[in-house]
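Colleague: Okay, here's the prediction I keep looking at, along with the sequence it came from:
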Amino acid sequence: MAFTTTMLSWSSLEYGKKMGSELQNSRVAIRWATDYLLKCARATPGKLYVGVGDPNGDHKCWERPEDMDTPRTVYSVSPSKPGSDVAAETAAALAASSMVFRKVDPKYARLLLATAKKVMLFAIQYRGAYSDSLSSSVCPFYCSYSGYKVGFHMSTFI
């Protein structure tokens, strides 16, 4: 979800003038996603919620979400179970989205950017791949095969 939000945000920034009335629909979709990501990042200090549901059960289920009865387990990364990759992507989504809302909703944009900075600091401070921390809870569907790289200076993010 974070990756999709990042891409939708960059697309809106890059091609917004060509989107006409669809730009507003894009902003609505981005806000829906960022409202969720804000809840994931701000609900519990020291945690970032990164998933809901059992991937194995969910991938076997071909029902509408409203009809699913698979377990809705909640997964998070924390200092003791790091997830630099998922945290950095979440930070990227929030930061890119803040640029989308900078002129149309400055207060919301500031909230997105402030949260993005906190999540990025979390990613830098507590390094590790989230699939290592959550192993069978996310693999084989969401494994970090190529590793993670959080190696730039924070000033490039700000």
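Modeller: Arrived safely.
Colleague: now stretch 119-138: mean pLDDT?
Modeller: Averaging pLDDT along stretch 119-138 gives 82.
Colleague: Show me how far that stretch is from its chain's centre.
Modeller: Averaging C-alpha positions (CA atoms, centre = their mean, to the nearest Å) puts stretch 119-138 13 Å from its chain's average.
Colleague: which residues in the protein form helices?
Modeller: Applying DSSP state H to the chain gives helices spanning 2-15, 22-42, 55-60, 84-101, 106-125, 130-134, 154-157.
Colleague: Highest mean neighbour count out of the ones you listed?
Modeller: Of the helices of the chain, the one with the most neighbours on average (mean count of other CB atoms under 10 Å) is helix 84-101, at a mean of 25. (Glycine included, C-beta is placed from N, CA and C.)
Colleague: I'd like to know which elements it is packed against.
Modeller: Counting contacts by 3 or more CB pairs under 8 Å, 6 or more residues apart in numbering; DSSP states H and E, helix 84-101 is packed against helix 2-15, helix 22-42, strand 48-52, helix 106-125, helix 130-134.
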